[in-house]
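Novice: Could you look at this predicted model? Sequence included:
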Amino acid sequence: MKLHYQGHSCFIAESGGKSVIIDPFLNGNPLARIKPGDVVVDAVLVTHGHGDHLGDAVEISRKNNVPVIGTFELVNYCIGKGAAGHAMHIGGSFSFPFGRVKLTIAHHGSSTEAGSTGNPCGFILSMGGKTIYHAGDTGLFSDMALIGDTNSIDCALLPIGDNFTMGIEDAIYAVGLLKPRIAVPMHYNTFEVIKQDPEKFKKGLEGKPVKVEILKPGDSLEV
Ligand code: NI
Ligand code: MN
């Protein structure tokens, strides 16, 4: 599986000629290198309704005629805006033509200008024999140990920005619970309030059985 980073929490995962975009915050994302019109994917995964995650999901769904995948409330909101959708909920998984998606808990909020869009989530995404965990926006929670025990995570994408989500210390603790082969920090340096030095995350995990990959927007990673 190949991961392409677009800054903040936006990744494109690609395997076997299929690809999905997660949290497509492109317009208004000062770090993004591509525009929604450049995105060709088989699905749009969205962790919650906040603008820096929902982003351009509806436009990308409409243009590619592919489903937005997320919680029932958020997907129905997107369908109301003209997107296609596949509603799921926490704990549920489903096999799509591109791979398997499972929704995990995340401790955060989820809303749009229209009001609440239910609970936020994280994703366990398996494609081409590899499994990634995108935590969404969340604080540290002990059930990450359960996620680590029940999945062999090749790569964990973890917020480190603090203020709205886990900061660096909690993200380091999360890696110990999730036991991924690779850890990638996300959700930092997009805005002043979430300014962080990702090297501190890497340093904090030195000597631990994990490889930390710090990606710059536009970078790709073979998982
Ligand atoms: Ni959020
Ligand atoms: Mn966010």
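Specialist: Noted; the coordinates are in hand. Ligands and ions are numbered 1, 2, ... in the order given.
Novice: now the longest helix along the chain, how far from the centre of its chain.
Specialist: Counting by DSSP state H, the longest helix found in the chain is helix 168-178. Put simply, helix 168-178 sits 16 Å off its chain's centre (Cα atoms, centre = their mean, to the nearest Å).
Novice: and what of stretch 60-75?
Specialist: With Cα atoms, centre = their mean, you get 15 Å for stretch 60-75.
Novice: what does it rub up against?
Specialist: With Cβ atoms under 8 Å, 6 or more residues apart in numbering as the test, stretch 60-75 has contacts from 21, 24, 36-37, 39-49, 54, 57-58, 78-79, 82-90, 96, 101, 103, 110, 116-121. Yep, even glycine has a C-beta here, placed from its N, CA and C like the rest.
Novice: Now do the same contact list for the spatially most central residue of the chain.
Specialist: Among the residues of the chain, the one closest to the centroid is H134, at 3.9 Å (Cα atoms, centre = their mean). By Cβ under 8 Å, 6+ apart, the contact list for H134 reads S9, F11, I22, D23, L45, T47, G122, F123, L125, L157.
Novice: where along this structure do the helices fall?
Specialist: Using DSSP H, helices in the chain cover 51-54, 57-64, 72-80, 144-150, 168-178, 198-204.
Novice: Quick one, which of these gets closest to ligand 1.
Specialist: Nearest of these to ligand 1, taken as Cβ to the ion: helix 51-54 at 5.8 Å.
Novice: Buried ones in the closest one, by neighbour count?
Specialist: Using 16 or more other Cβ atoms under 10 Å as the test for burial, helix 51-54 gives D52, H53, L54.
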